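**Student:** give the three-dimensional model of this entry:
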Amino acid sequence: TTDSFTLTAAGAGIGGTADSFHFARQSVSGNVEVRGRVSSLSTNNGGAVTGLMLRQTLSADSTFAAITVNPSGAVTFSYRSSAGGSTTST
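**Tutor:** Sure, this is the predicted structure:
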């Protein structure tokens, strides 16, 4: 299936022990393969990111794994391995 999403978003970001951001979502279960392409990121906020994320729940403190890109093109992998735990980024 090919889907395209355009989001206009805001929020405090991804990180720490809880997240605040806008997203498009699709529920899945079991093994899943996710592919994506960021065609553009228009913003005047240097801290903005866009990308793909897998979350266990919709709670702000959920476990997750994400790959994001910022306006300058830097790519980051981030994850939270326990609900309410700290976020690790590389």
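
**Student:** mind pulling up the pLDDT for the residue nearest the centre of the chain?
**Tutor:** Geometric centre of the chain, nearest residue: residue 53, 4.2 Å, by Cα atoms, centre = their mean. With respect to pLDDT, residue 53 has a value of 93.

**Student:** gap between it and residue 68?
**Tutor:** Taking Cβ to Cβ, to the nearest Å as the measure, residue 53 falls 8 Å from residue 68. In this view, the C-beta of every residue, glycine as well, is placed from N, C-alpha and C.

**Student:** now do the shared contacts for these two.
**Tutor:** residue 14 (Cβ atoms under 8 Å, 6 or more residues apart in numbering).

**Student:** how confident was the prediction at the spatially closest residue to residue 58 that is not a sequence neighbour?
**Tutor:** Spatial nearest neighbour of residue 58, chain neighbours left out: residue 25 (7.6 Å); criterion: Cβ to Cβ, 6 or more residues apart in numbering. pLDDT recorded at residue 25 is 86.

**Student:** so how many other residues sit close to residue 25?
**Tutor:** Using other Cβ atoms under 10 Å, residue 25 is surrounded by 9 other residues.

**Student:** ok, now how distant is it from residue 66?
**Tutor:** Using Cβ to Cβ, residue 25 is found at 13 Å from residue 66.

**Student:** again, but for residue 86
**Tutor:** To residue 66, residue 86 is 14 Å away according to Cβ to Cβ.

**Student:** what does residue 6 give?
**Tutor:** Applying Cβ to Cβ, the value for residue 6 to residue 66 is 19 Å.

**Student:** looking at those two, which one has more neighbours?
**Tutor:** Set side by side, residue 6 and residue 66 show more neighbours around residue 66, with 19 against 7, by other Cβ under 10 Å.
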